[in-house]
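>>> A structural model of the following input is requested.
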Amino acid sequence: MRDLAVHDFACVTDHGYSINSYLWAYLAKLARVNEDRGRFLTFLGEEWTSTFEESNATHPYGYYGHRNVILADTRFPRWWNAKNRQTPAQLWEELRRLRANFVTIPHQLADTGNVPMDWSFTDETAQPVAEIFQTRGSYEYHGAPRQARNTTPPGWFLQDAWARGIVIGVVASPDHGGGYGKACVYAPELTRTAILDALRARRCYGTSGAKIMLDVRVAGRFMGEAAREAPPNPTPIEVRV
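Below is the predicted model of the structure:
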């Protein structure tokens, strides 16, 4: 990731149910020893993989969905196994009680090969962004270009969340696919705190692979900002690529 793909930052997020105390300490050590300060930044994290394939009318594909937990502290003492039947809200509550600097990122939003995202659990601070694209394809909306192969009907995709009024930004990720999907973040410096702060501010976007630089502003507002006042009509939109 540092020398071949020339990424600025990365995180290995193994499934929480696959981790034990030894492996968590090992992942944390890998994150620390592979940091190359000023050049390549590493995070400690896991995938909170909710795999309750029990179904009912409300959850026809299973419960809660998959979320990647990204931590600023590479010595954070614990991880979570979603098979203990916590809800996402309970996960966020425990992380906050431990004073963690973290974000969770919904992953494989509308995938039926895994449990799709339960959009009834939202939090603009704990869950500020979602994965719009990865190696499996796009989860933007049903019928999107390069749509992931095994997907739900409309209702679980990212545009479905926006239609419900959920405020959430976007990133992309490679998952198991190497060069596909990149998270692009505007931050003042290459530090873990700055990257997580920028994600919470939604100053970010995703690409399907190429390192595309975008600067998009609406009525002078930077991407991710929330504004209470109505924009002028016509609304000036500036895009620099």
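
>>> who does the longest strand seen in the chain touch, helix- and strand-wise?
Longest strand of the chain, by residue count under DSSP state E: strand 41-49. The contact analysis (3 or more CB pairs under 8 Å, 6 or more residues apart in numbering; DSSP states H and E) places strand 41-49 against strand 9-12, helix 21-33, strand 66-71, helix 192-200. (C-beta placed from N, C-alpha, C; glycine too.)

>>> And that strand, how far out from the chain middle?
10 Å (CA atoms, centre = their mean, to the nearest Å).

>>> Tell me what angle that strand forms with strand 66-71.
Per axes from the mean of the first three to the mean of the last three CA atoms, to 10 degrees, the angle that strand 41-49 makes with strand 66-71 is 150 degrees.

>>> how about the helices in this protein?
21-33, 88-97, 158-163, 192-200 (DSSP state H).

>>> how about TSV for the ones you listed, with mean neighbour count and distance to residue 172 added?
TSV is the format used below for the helices of the chain (neighbours: other CB atoms under 10 Å; distance: least, CB to CB, whole Å):
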stretch	mean neighbour count	distance to residue 172
helix 21-33	14	21
helix 88-97	16	21
helix 158-163	18	11
helix 192-200	19	13
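
>>> could you redo these as CSV and give each row mean pLDDT and distance to residue 139?
Shown next, in CSV, are those (pLDDT from 0 to 100; distance: least, CB to CB, whole Å):
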stretch, mean pLDDT, distance to residue 139
helix 21-33, 97, 26
helix 88-97, 97, 17
helix 158-163, 98, 6
helix 192-200, 98, 18
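
>>> any idea how far residue 237 is from the residue nearest to residue 116 when sequence neighbours are not counted?
Nearest residue to residue 116, sequence neighbours excluded (CB to CB, 6 or more residues apart in numbering): residue 156, at 4.2 Å. Look at residue 156 and residue 237: by CB to CB, to the nearest Å, they are 29 Å apart.

>>> Noted, bye for now.
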